[in-house]
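*Asks:* Sequence first, predicted coordinates after that:
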Amino acid sequence: MESALYIVSTPIGNLKDITLRALEILRDVDFVACEDTRVTAFLLTHYEIKKELISLNAVNENKKIDYIINRISQGESCALCSDAGTPGISDPGVRLISAAVKNGNAVVPIPGVTAAITALSASGLPTDSFLYEGFIPQKKGRQKKLKELSGIDRTIILYESTYRIEKLLQELNEYMPKRFTVVGRELTKKFEEFWRGYPEDLLAQLNTKTTKGEFVVIIAPISWQKHV
């Protein structure tokens, strides 16, 4: 197998969403760098794959980069995985990938699912031009970012956690009350659901909703109002 860093996308919920190529790479590489070894071990065990796992997360990424790059440079192959979805997309891995590119190592993308595109594809909102923002700042700069986004006439994709989804909807009602919004919860999992409406409507319905899980929030362009 070619000595390289393989960027392997993994399922965001349903384990069947992994690709045949991803499974082949995970079986053949020398070792796997992953966000949480327990999460990746669960996936590999499901597919009867045994592999050396190295933890690579936001806390230890800088400390592990040289070690991983050195092994690849000596001829080994490494698969990079996050807990779910595509590494580097609101997940650790960007610094390792940049280091590999800078060092002249081969970097090979193994495409697959990502929550942002999964939600966008089912949103019913314009897909020809969109802005992916991922997680906006939790505290400092959050209001400034929301004000900035409120003036952008494109579909906007945000990620939010179970702890802040209500707060985000309240903020959208303040900054973008007239922009139709689609919220995807627990995508590809057993309790997957989509909420649709203006922020005020979604807030009014919130006491009837389950707010546990992972959320993708899709905000319609300003000019989309006439289509709703």
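*Replies:* Thanks, I have it.

*Asks:* element containing Glu200?
*Replies:* helix 199-205 (DSSP states H and E).

*Asks:* got the buried residues for that helix?
*Replies:* If you call a residue buried by 16 or more other Cβ atoms under 10 Å, then helix 199-205 has these buried ones: 199, 202. C-betas here are computed from N, CA, C, even on glycine.

*Asks:* which element follows it toward the C-terminus?
*Replies:* Next element after helix 199-205 (DSSP H and E): strand 215-219.

*Asks:* which strands and helices sit next to that next one?
*Replies:* Judged by 3 or more Cβ pairs under 8 Å, 6 or more residues apart in numbering; DSSP states H and E, the packing partners of strand 215-219 are helix 115-123, strand 155-160, helix 165-175, strand 181-185.

*Asks:* Redo those as a markdown table? Include mean neighbour count, mean pLDDT and distance to Val59.
*Replies:* Formatted as a markdown table, those follow (neighbours: other Cβ atoms under 10 Å; pLDDT from 0 to 100; distance: least, Cβ to Cβ, whole Å):
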| stretch | mean neighbour count | mean pLDDT | distance to Val59 |
| --- | --- | --- | --- |
| helix 115-123 | 20 | 97 | 22 |
| strand 155-160 | 22 | 98 | 20 |
| helix 165-175 | 18 | 97 | 25 |
| strand 181-185 | 24 | 98 | 28 |
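
*Asks:* what does stretch 199-211 contact?
*Replies:* Contacts to stretch 199-211, defined as Cβ atoms under 8 Å, 6 or more residues apart in numbering, come from residues 162, 165-166, 169-170, 172-173, 176-177, 179, 181, 183, 185, 191, 195, 197.

*Asks:* hmm, 6 Å instead?
*Replies:* 162, 165, 169, 172-173, 177, 181, 195 (Cβ atoms under 6 Å, 6 or more residues apart in numbering).

*Asks:* follow-up on the earlier one: tell me the gap between the helix holding Glu200 and the middle of its chain.
*Replies:* Taking Cα atoms, centre = their mean, to the nearest Å, one finds helix 199-205 lying 25 Å from the centre of the chain it belongs to.

*Asks:* Using CSV, write out the CA atom coordinates for it.
*Replies:* Below are the C-alpha coordinates for helix 199-205, written out as CSV (Å, rounded to 0.1, in the frame of the first residue of the first chain):
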residue,chain,number,x,y,z
PRO,A,199,-37.2,30.9,14.2
GLU,A,200,-40.2,32.1,16.1
ASP,A,201,-42.2,29.1,15.0
LEU,A,202,-39.4,26.7,15.9
LEU,A,203,-39.1,28.2,19.4
ALA,A,204,-42.9,28.0,19.9
GLN,A,205,-42.7,24.2,19.1
